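Engineer: Build me a structure from this.
(one chain, ligands or ions: 1)
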Amino acid sequence: MLLTENREPKTPKILRKNAPTSSSTQLRLQNAVNALGIDKNPKKQMQKLELTDIDVAGKRVLARVDFNVPMKDSKIADETRIIAALPTLLALINQNAKIVLVTHLGRPKVGETADRERLSTAPIAVALSQKLGMRVAHVSDCIGDTAQSAVASMQNGEVLLLENVRFYAEEIENDSAFAQQLASLADVYVNDAFGTAHRAHASTEGVTRYLNPCAAGFLMAREIYYLSTSLENPARPYVAILGGSKISDKITLIENLLEKVDSLLIGGGMAYTFFAAMGLTIGNSLVEMEKLDVAASLIKKEGFSDTVILPSDNVIGRAFHPDTESQVVDKGDIPDGWQGLDIGPGTVVAFGEQIAAAKTVVWNGPLGVYEFEKFVQGTIAVAKQIAESQAVSIIGGGDCVAAIQQAGVADRMTHISTGGGASLEFLEGKPLPGIVALTNK
Ligand code: AMP
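Structural biologist: Reported below is the predicted structural model:
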């Protein structure tokens with residue numbers, strides 16, 4: 001899936017002179033957007049239509065956003081996803097579109113009244129309204145007469161948030177009639193929800209059959225740009241770092257990366273399944289017994305031994321507990337009753353040499369049990385090495401992002417992906433239905 005081409009960008013102006021918000025609100029918004037790094041527009045254009053390529057003035061735009069924010073006691077616990085959509089929303093407002101926003105929120109059981117209350121998008125409209133400094137209307141359905149009449153009464157430059165699209169089973173089923181009803185609310189489609197682009201749902205894929213043009217929002221464009229650059233034409237040396245608990249989730253990713261990268265650094269729990277497959281002593285470390293044969297066949301794969309660097313030492317603990325007794329041992333020396341919970345200092349140095357020389361680094365998954373202070377050190381050290389390197393750094397996966405934030409270097413990464421599952425599938429080389437469905441230039 002070749003998605004980018006080498007041309008100079010049309011840099012999106014996030015905040016323009018005629019923005020409807022006050023200057024202090026604009027400044028606050030600009031700072032929030034800058035903090036996420038999504039104003040730094042990539043130096044390339046995509047082969048899919050982008051917001052900057054289409055004319056939306058006076059048109060009804062169905063904008064698929066990812067407002068799947070964590071909720072606690074009916075309050076939004078983290079607004080990052082709302083902030084991430086602001087550049088696209090502000091551009092649409094500035095161009096005097098009628099902006100009809102659609103998102104899912106959580107995993108409601110269809111027809112369950114408690115879920116309809118708990119997972120209503122109404123509080124998101126309030127939060128967005130505060131961010132934009134303007135009214136954001138909310139409508140209690142996402143299709144049908146109620147939604148139609150709410151859209152019909154919109155003026156240019158206004159924003160309307162539809163009710164949770166997953167209140168209908170037809171959304172996940174990608175039902176054509178449902179998609180057509182959603183599409184009938186608008187003239188043009190913009191998808192800025194990278195986090196759900198790996199799902200062929202009615203609001204991410206189905207609607208594109210009934211709307212034209214279908215363009216990528218700024219956040220989506222940025223994700224596509226960085227992830228496809230790392231797949232298609234990465235600056236070399238290209239180093240991938242994989243961690244996390246299990247190899248079972250990442251087998252396709254390992255296979256795909258093995259063909260592309262110059263080195264693949266593996267840490268985290270998944271390293272021990274490889275060690276077990278090599279016949280090394282791993283004590284009580286995490287091991288996926290049913291994946292030993294997969295690990296063994298990966299080890300035999302051409303290029304594995306030249307490309308993959310496994311930990312040469314580990315920080316081990318007596319128990320899976322934050323205060324457990326710990327020590328550093330070489331690989332293969334983990335005694336019975338102990339388990340490997342972090343990469344050791346020798347491994348940090350070896351990984352650091354690769355990272356310092358790299359021009360592109362892709363990282364997915366923590367290198368140890370980063371939730372425990374004693375076993376987060378390897379992950380933090382690697383995060384800092386990446387921050388200090390000259391490499392283009394692309395980070396994916398919620399755990400990794402949390403560790404990078406803990407290390408205080410999030411703003412020194414080139415791109416932090418907003419979609420865990422979507423970025424994993426992208427890096428596995430799978431076409432993402434929500435991206436494939438967008439209009440080609
Ligand atoms: P994943 O969801 O597969 O990306 O894995 C993330 C989880 O892997 C985190 O919760 C880490 O605590 C866990 N993890 C990383 N290293 C280890 C390890 N050596 N042993 C057990 N769990 C680990």
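Engineer: Give me every residue in the protein lying close to the ligand.
Structural biologist: Residues of the chain lying close to the ligand by CB under 6 Å from any ligand atom are 243-246, 249, 268-269, 286, 340-341, 365-366, 368-371, 397, 399. Just so you know, the C-beta spots here come from the backbone N, C-alpha and C atoms, and that holds for glycine as well.
Engineer: List buried residues within these.
Structural biologist: Buried members of the residues of the chain next to the ligand, scored by 16 or more other CB atoms under 10 Å, are 243-246, 268-269, 286, 340-341, 365-366, 368-370, 397, 399.
Engineer: Narrow those to those in helices?
Structural biologist: Judged by DSSP state H, the subset of those located in helices is Asp399.
Engineer: Endpoints of stretch 200-216, how far apart?
Structural biologist: Its start and end residues considered, stretch 200-216 measures 16 Å (CA to CA, to the nearest Å).
Engineer: Now do the phi/psi pair for the closest residue in space to Met413 that isn't next to it in sequence.
Structural biologist: Using CB to CB, 6 or more residues apart in numbering and skipping residues adjacent in sequence, the residue nearest Met413 is Ser393, 4.7 Å away. Backbone torsions for Ser393, taken as degrees, to the nearest 10, come to phi -120, psi 130.
Engineer: how distant is stretch 308-321 from the center of its chain?
Structural biologist: Distance of stretch 308-321 from its chain centroid, counting by CA atoms, centre = their mean, to the nearest Å, is 27 Å.
Engineer: for stretch 120-129, same thing?
Structural biologist: For stretch 120-129, the distance to the chain centre is 22 Å (CA atoms, centre = their mean).
Engineer: Quick check: buried residues in it?
Structural biologist: For stretch 120-129, burial by neighbour count (16+ other CB under 10 Å) applies to Ser120, Thr121, Ile124, Ala125, Ala127, Leu128, Ser129.
Engineer: Hmm, which of the buried ones among the residues of the chain next to the ligand is lowest in pLDDT?
Structural biologist: pLDDT across these is lowest for Gly397, at 75.
Engineer: List the contacts of that residue.
Structural biologist: For Gly397, the contacting residues are Gly244, Asn364, Gly365, Ser417, Gly420, Ser423, Leu424, by CB atoms under 8 Å, 6 or more residues apart in numbering.
Engineer: and of those residues, the nearest to the ligand?
Structural biologist: For the contacts of Gly397, the closest approach to the ligand (CB to the nearest ligand atom) belongs to Gly244, at 2.7 Å.
Engineer: Surely that closest one is in contact with Gly268?
Structural biologist: Yes - in this structure, Gly244 is within contact of Gly268 by CB atoms under 8 Å, at 4.9 Å.
Engineer: The closest residue to Lys359 other than its chain neighbours - how many residues pack around it?
Structural biologist: With CB to CB, 6+ apart as the criterion, Lys359 has its nearest non-adjacent residue at 3.6 Å, and that residue is Ala235. Ala235 has 13 neighbours, counted by other CB atoms under 10 Å.
Engineer: Neighbours of Gly279, how many?
Structural biologist: Neighbour number of Gly279 under other CB under 10 Å is 9.
Engineer: got the contact list for stretch 376-391?
Structural biologist: 235, 239, 241, 243, 267, 315, 342-344, 347-348, 351-352, 355-356, 358-361, 363, 366-370, 393, 403-404, 406-407, 409, 412-413.
Engineer: Quick one: buried ones out of those residues?
Structural biologist: Neighbour-count burial (16+ other CB under 10 Å) is assigned, among those, to 239, 241, 243, 267, 315, 342-344, 347-348, 351-352, 355, 358, 360-361, 363, 366-370, 393, 403-404, 406-407, 409, 412-413.
Engineer: Find residues that contact each of Gly244 and Gly268.
Structural biologist: Residues touching both Gly244 and Gly268 (CB under 8 Å, 6+ apart): Gly365, Pro366.
Engineer: Who are the contact partners of the residue nearest to Val65 when sequence neighbours are not counted?
Structural biologist: Leaving aside its sequence neighbours, Val65 sits nearest to Ala85 (CB to CB, 6+ apart; 4.6 Å). Contacts for Ala85 (CB under 8 Å, 6+ apart) come out as Val65, Asp66, Phe67, Asp192, Gly217, Leu219.
Engineer: For those residues, work out which two are farthest apart.
Structural biologist: Taking CB to CB, the two most distant members of the contacts of Ala85 are Phe67 and Gly217; they sit 12.8 Å apart.
Engineer: what residues are up against Glu428?
Structural biologist: Applying CB under 8 Å, 6+ apart to Glu428 gives the contacts Thr252, Leu253, Asn256.
Engineer: What is the least confident helix or strand in this structure?
Structural biologist: Least confident helix or strand of the chain, by mean pLDDT, DSSP states H and E, is strand 4-5 with a mean of 44.
Engineer: Which parts of this structure belong to which domain?
Structural biologist: The chain breaks down by automatic domain parsing into domains covering 3-224, 236-390.
Engineer: quick one: the first one to chain centroid distance?
Structural biologist: Read it as domain 3-224. Worked out by CA atoms, centre = their mean, domain 3-224 lies 16 Å from the chain centre.
Engineer: and if you look at stretch 275-295?
Structural biologist: On CA atoms, centre = their mean, the centre of stretch 275-295 falls 30 Å from the chain's centre.
Engineer: ends of it, how far apart?
Structural biologist: End-to-end distance of stretch 275-295: 9 Å, with CA to CA as the criterion.
Engineer: Just give the nearest non-adjacent residue to Phe275, would you?
Structural biologist: Ile282 (5.1 Å).
Engineer: And that neighbour, how close does it get to Leu310?
Structural biologist: 12 Å (CB to CB, to the nearest Å).
Engineer: quick one: common contacting residues for those two?
Structural biologist: The contact sets of Ile282 and Leu310 overlap at Phe275 (CB under 8 Å, 6+ apart).
Engineer: Those two: which has the busier surroundings?
Structural biologist: Shown here are Ile282 and Leu310; by other CB under 10 Å, Ile282 has more neighbours (25 against 20).
Engineer: what residues are up against the more buried one?
Structural biologist: By CB under 8 Å, 6+ apart, Ile282 lies in contact with Tyr272, Phe275, Ala276, Ile334, Gly340.
Engineer: Dihedrals phi and psi, it?
Structural biologist: Dihedral pair for Ile282: phi -120, psi 10, per degrees, to the nearest 10.
Engineer: Thank you kindly, that will do.
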